[in-house]
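> Structure for the following, please:
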Amino acid sequence: MDFPDGWAPPDESLAAEVCRQNRRYLPIYLSTLLPRYQLRMRDGELQCHPELSSVAGGLSWSEMREAAAAADLRGTLQTIADLTVEMMQSVCQRVPTLRTAV
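A predicted model of the protein is given here:
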């Protein structure tokens, strides 16, 4: 039997273990990551973490928002979300145990 989309049933236990470990580690990872993305009020305006500003080429929070709007970031993210849903639906159709879970 051929699996052109990379799904190989013998790898199911490995995939399940990777998912278990990801779920276990996610709260730990988020507790270190999220503080970097919290906005703080300074001098009457919202400001982001200095590290984030540095990664964004020194842009302030308001400048980042303007750049995102000009680049239609919201539209791009919607496209990514739509394509991800299509991909997940395709996977669910290929895996019998997932077909009934949706």
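> What segments of this protein are strands?
40-42, 45-47 (DSSP state E).
> Where does the prediction get shaky in this structure?
1-9, 99-102 (pLDDT under 70).
> is the residue lying closest to L39 once chain neighbours are set aside in a bridge, and if so with what?
Nearest in space to L39, with sequence neighbours left out and distances taken as Cβ to Cβ, 6 or more residues apart in numbering, is L46 at 4.5 Å. Yep, even glycine has a C-beta here, placed from its N, CA and C like the rest. Applying DSSP bridges to L46 yields these beta-bridge partners: M41.
> follow-up on the earlier one: would you reformat the strands of the chain as TSV and include mean neighbour count and distance to N22?
Shown next, in TSV, are the strands of the chain (neighbours: other Cβ atoms under 10 Å; distance: least, Cβ to Cβ, whole Å):
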stretch	mean neighbour count	distance to N22
strand 40-42	9	30
strand 45-47	13	32
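> Any chance of CSV for those strands, columns distance to T76?
Converted to CSV, the strands of the chain look like this (distance: least, Cβ to Cβ, whole Å):
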stretch, distance to T76
strand 40-42, 27
strand 45-47, 23
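> domain ranges for the chain?
Segmentation of the chain into domains, based on automatic domain parsing, reads 10-59, 72-102.
> Please name whichever of the ones you listed is nearest to E66.
Between E66 and these, the shortest gap by Cβ to Cβ is with domain 10-59, which sits at 8.7 Å.
> Okay, buried residues for stretch 30-50 please.
For stretch 30-50, a neighbour-count test (16 or more other Cβ atoms under 10 Å) marks C48 as buried.
> ok, which stretches of this structure are helices?
Ranges of helices within the chain are 12-33, 50-55, 61-70, 73-94, 96-99, based on DSSP state H.
> Can you point out the buried residues in the first one?
Using 16+ other Cβ under 10 Å as the burial criterion, none of the residues of helix 12-33 qualify.
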